[in-house]
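Student: sequence and computational prediction follow.
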Amino acid sequence: MKRGRLPLTALRSFEAAGRLGSFTLAAEELLVSQAAVSRQVKELEAELGKPLFERRHRNVRLTSAGEALLDVLSRAFDAMDASLSEIRGRRGGGLLEISSEPSFAASWLVPHLDDFHADHPEIDVVVESDMRLIEFRTHEAEIAIRHGMDARAWPRVAAEHLADVELVPVIMPCLMAEGTPLRAPADILAYTLLHEENRSAWQRWFAAAGLPDVPPGRAQIFTEGNLVLQAALRGHGVALVDRAFAAEDIAEGRLVQLFDISIRYGAYWLVARDFKRLSPKARAFRQWLLQRFAASGGS
């Protein structure tokens, strides 16, 4: 097909729908109607003579032809986006945008940012606290920090390991002094358990402690880890928290770690579209972050 006849609007609609896995989300990103996206994809399929999506009742799924085309288009659009950004000078100057999960931003990144500024006073850092998966397009951060079980959690991006997440139980000293003596792991059940998202982490911890079938008890459930840590610091109950995030509070006596039992819960990863294409200031941040975790083990 000659370049002058390439259906660029339809290709853009298909790429957004395939990348996001949804015609509705593609329409929101492109600021058009869902019907327009659907029509353009159908026209592209008619042009190619092959279906690109399997249409189901509540969602769509790429066919093998769709997967192949999406891979090519995403790389092409990313390359165009990066080139336009460089021409505009978006990543020039001293401003660096970082996207970080809220827990990491509040419990580790913000407390350590002064160290980065001391080494690189010419770089101003903008921290976007966000749990969603970003696509590293023009309007988004250049580099991100995310939690995941492995490096394959994010399609079409590069990921580098920062630190494993090790969860340990902690409690406020005054709450422990006033409540049931904590002589064995089962004694924790006398307290309110503080959970992140669901009860699965505590179930895993009790199983590691030799109690695989603990009954559900009093609970408070929060959407992210920093809220769990803050609840523990206010004496709401016993929390499972990342050892690295609670290290300072434990060292200064605001929290007490209970028992020498921990569980692994995924890891934090440094994520970017392509580490080889980072701006100089993003490369400096990446190097600083990797060195800090290598030297301190995440604390």
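Tutor: Thanks, I have it. Note that the structure is predicted; figures quoted are calculated from it, not measured.

Student: just for the stretch 1-150 of the chain, where's the confidence low?
Tutor: Across the stretch 1-150 of the chain, the ranges flagged by pLDDT under 70 are 1-5, 82, 84-94, 133-140.

Student: can you give me the strands in it?
Tutor: With strands called from DSSP state E, counting those that start in this stretch, the stretch 1-150 of the chain shows them at 53-55, 60-62, 95-100, 124-129, 143-148.

Student: looking at those strands, which is buried most?
Tutor: Neighbour counts (mean count of other C-beta atoms under 10 Å) averaged over each of these peak at strand 143-148, with a mean of 22. Yep, even glycine has a C-beta here, placed from its N, CA and C like the rest.

Student: gap between the two ends of stretch 209-219?
Tutor: Stretch 209-219 stretches 19 Å from its first residue to its last (C-alpha to C-alpha, to the nearest Å).

Student: list the buried ones in that stretch?
Tutor: Neighbour-count burial for stretch 209-219 flags 209, 214 (criterion: 16 or more other C-beta atoms under 10 Å).

Student: show residues contacting it.
Tutor: 185-186, 189, 191-195, 199, 203, 206, 237, 259, 261 (C-beta atoms under 8 Å, 6 or more residues apart in numbering).

Student: among these, which one has the lowest pLDDT?
Tutor: Among the contacts of stretch 209-219, R199 carries the lowest pLDDT, at 84.

Student: can you report how many residues lie near it?
Tutor: 16 (other C-beta atoms under 10 Å).

Student: likewise for T192?
Tutor: Counted with other C-beta under 10 Å, T192 comes out at 18.

Student: got the contact list for it?
Tutor: 217-220, 236-238.

Student: same thing but 7 Å
Tutor: 218-220, 236-237 (C-beta atoms under 7 Å, 6 or more residues apart in numbering).

Student: for beta bridges, what are the partners of the residue positioned nearest the centre of the chain?
Tutor: Nearest residue to the geometric centre of the chain (C-alpha atoms, centre = their mean): R146, 3.0 Å. Using DSSP bridges, the beta-bridge partners of R146 come out as W269.

Student: was I right about it contacting E101?
Tutor: Yes. Contact between R146 and E101 holds when scored by C-beta atoms under 7 Å: they sit 5.9 Å apart.

Student: on that earlier part again, tell me which of the contacts of stretch 209-219 fall in strands.
Tutor: 193-195 (DSSP state E).

Student: which of these lies closest to L255?
Tutor: L194 (11.8 Å; C-beta to C-beta).

Student: hang on, isn't the closest one packed against R234?
Tutor: No. Counting by C-beta under 7 Å, L194 stays clear of R234, with 10.2 Å between them.

Student: neighbour count winner among these two?
Tutor: L194 (25 against 10).

Student: quick check: beta-bridge partners of the more buried one?
Tutor: Q220, A239.

Student: F104: neighbouring residues, count only.
Tutor: 25.

Student: contact partners for the closest residue to it other than its chain neighbours?
Tutor: Nearest-residue entry for F104: I145, 5.3 Å, with adjacent residues in sequence omitted and distances by C-beta to C-beta, 6 or more residues apart in numbering. By C-beta under 7 Å, 6+ apart, the contact set of I145 is 100-101, 104, 268, 270.

Student: next, work out how far apart I145 and E54 are.
Tutor: Look at I145 and E54: by C-beta to C-beta, to the nearest Å, they are 34 Å apart.
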